[in-house]
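J.: Give the three-dimensional model of this entry:
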Amino acid sequence: MKIQSLAKLFRRIRIPLFFLLLAVIIIGSIVAYPLLTSYSEKEAVGYEGILRLWHIDTFEGGQGSRCSFLNRVARRYEKSAQGRLILVTNHTIESAETAIREGYIPDMISYGTGAGFVADLACPLNGLKFSSGAIGGVTYAYPWCRGGYMLFTAEGDFTDISADNTVISKGRGAFPAIAAVSSGLCGEYTEEESVKAYVDFINGKYKYLLGTQRDVYRLQSRNFAFQTKPVEEFSDLYQYISVCTSESDKVSACTEFIDYLLSEEVQTSLTQIGMMSINYKIYNSEAPSMATAEQIVPQKSIGAFLSGDAMSELEKFAEAALCGDAASAKKLENFLL
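T.: Here you go, the predicted model:
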């Protein structure tokens, strides 16, 4: 009887127990996530020059991990750097802000639009110029890789795009509504979370999809035949890097690492993570969508250092402008560079 009672009890609690264990695993992963580095602080002891590089994903990439890519670049750099070690730490915006409040400041930081707090830490990047990473004409942030907005279709020629036949993918940390408005779209377009948007597109619910480089790889993984048209007018999908230390010897070392990160050797390997380069053409006919997209230099962007409040205001104006509100469209223009 006792065995039967225990078995009955287990059947009752096994599902709640499963979800409890799952929650513990997820919470533990979230807590540990920002602390994951290529080397531990203990392992770094004995190195003459330790550079701490934080990485933050604020928008969807192409394929693979940008943080892992930085780790691989760091390991190659260390082979030629005398006694230097780069500790790459994955952060969220929230965990980075918390660490900074506690007095921890990185030597370099990799981030996208939305990490406005970096403006208080970043140092001038002498010799580099990029308008959306500049304040007062001085560049503080430079993109080491980029994405881009694209229109997708399986059967259209992009001449009959309308609010009825097009879905806009709302990827995390991106502004597709600005891309839509900038490219001349206007109307009550359906906007869906990125995964739902591309699934509905594949299933034929929509003739066109406004998405990003991430959708190229999503669609390819489903063996879905498609054509693309890059959005030329706007992009905010830049992964910036900034130097945050004021120590002269570290500034020199950081500058050297950034030079290597921006070198042709490293930039041509961005195909590994499905991202594009600012300065090099790295795709060929085997990747036609990306090869076409990288030929485009978007005409406008937004500042790298926008605050959270400014981002929220910008999104409000973009959504209203997309629906045809002229006043919001004019206010939106004030944010574009």
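
J.: What is the burial count for the nearest residue to Ile161 once chain neighbours are set aside?
T.: What sits nearest to Ile161 in space, not counting adjacent residues and going by C-beta to C-beta, 6 or more residues apart in numbering, is Tyr208, at 5.3 Å. From N, CA and C alone the C-beta is placed, and that goes for glycine too. Residues near Tyr208, counting by other C-beta atoms under 10 Å, number 22.

J.: which residues does Tyr208 bridge with?
T.: Thr153, Thr166 (DSSP bridges).

J.: got the contact list for it?
T.: By C-beta atoms under 8 Å, 6 or more residues apart in numbering, the contact list for Tyr208 reads 151-153, 156, 158, 161, 165-167, 201.

J.: any idea which of the residues you listed is least confident?
T.: Least confident of these in the model: Gly156, at 94.

J.: follow-up on the earlier one: export the contacts of Tyr208 to JSON lines and tack on distance to Ala291?
T.: Formatted as JSON lines, these follow (distance: C-beta to C-beta, whole Å):
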{"residue": "Leu151", "distance to Ala291": "16"}
{"residue": "Phe152", "distance to Ala291": "15"}
{"residue": "Thr153", "distance to Ala291": "18"}
{"residue": "Gly156", "distance to Ala291": "21"}
{"residue": "Phe158", "distance to Ala291": "18"}
{"residue": "Ile161", "distance to Ala291": "23"}
{"residue": "Asn165", "distance to Ala291": "27"}
{"residue": "Thr166", "distance to Ala291": "24"}
{"residue": "Val167", "distance to Ala291": "25"}
{"residue": "Phe201", "distance to Ala291": "22"}
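
J.: Quick check: pLDDT value at the residue nearest to Ile161.
T.: 98.

J.: what do you get for Leu36?
T.: As predicted, Leu36 sits at a pLDDT of 46.

J.: Show me where the stretch 101-250 of the chain dips below the pLDDT cut-off.
T.: Low-confidence segments of the stretch 101-250 of the chain, defined by pLDDT under 70: none present.

J.: circling back to that earlier point, neighbour-wise, give me the winner out of the contacts of Tyr208.
T.: Ranked by the number of neighbours (other C-beta under 10 Å), the contacts of Tyr208 place Phe152 first, at 30 neighbours.

J.: Which residue, neighbours along the chain excluded, lies closest to that residue?
T.: Leu209 (4.2 Å).

J.: I figured the one you found was touching Ala197, is that so?
T.: Yes: between Leu209 and Ala197 a contact is recorded at 6.2 Å, counting by C-beta atoms under 8 Å.

J.: what touches both of those two?
T.: Counting by C-beta under 8 Å, 6+ apart, the residues touching both Leu209 and Ala197 are 167-169.

J.: how about JSON lines for those residues, with distance to Thr255 added?
T.: Formatted as JSON lines, the shared contacts of Leu209 and Ala197 follow (distance: C-beta to C-beta, whole Å):
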{"residue": "Val167", "distance to Thr255": "44"}
{"residue": "Ile168", "distance to Thr255": "39"}
{"residue": "Ser169", "distance to Thr255": "37"}
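
J.: Of the residues you listed, just say which sits nearest to Ser328.
T.: Ile168 (16.5 Å; C-beta to C-beta).

J.: How far off centre is the strand or helix carrying the closest one?
T.: Assigned by DSSP states H and E, Ile168 falls within strand 166-170. In terms of C-alpha atoms, centre = their mean, to the nearest Å, the centre of strand 166-170 is set 18 Å apart from its chain centre.

J.: Please name every helix or strand in contact with it.
T.: With contacts taken as 3 or more C-beta pairs under 8 Å, 6 or more residues apart in numbering; DSSP states H and E, strand 166-170 sits against helix 176-182, strand 190-193, helix 194-202, strand 208-212.

J.: Of all the ones you listed, which one is nearest Leu237?
T.: strand 208-212 (6.3 Å).

J.: Could you measure from the residue nearest to Ile161 over to Phe234?
T.: From Tyr208 across to Phe234, the span is 17 Å (C-beta to C-beta, to the nearest Å).

J.: cool, Leu336 as well?
T.: Distance of Leu336 to Phe234, given as C-beta to C-beta: 7 Å.

J.: shared neighbours, the two?
T.: With C-beta under 8 Å, 6+ apart, Leu336 and Phe234 have common neighbours 178, 182, 300-301.
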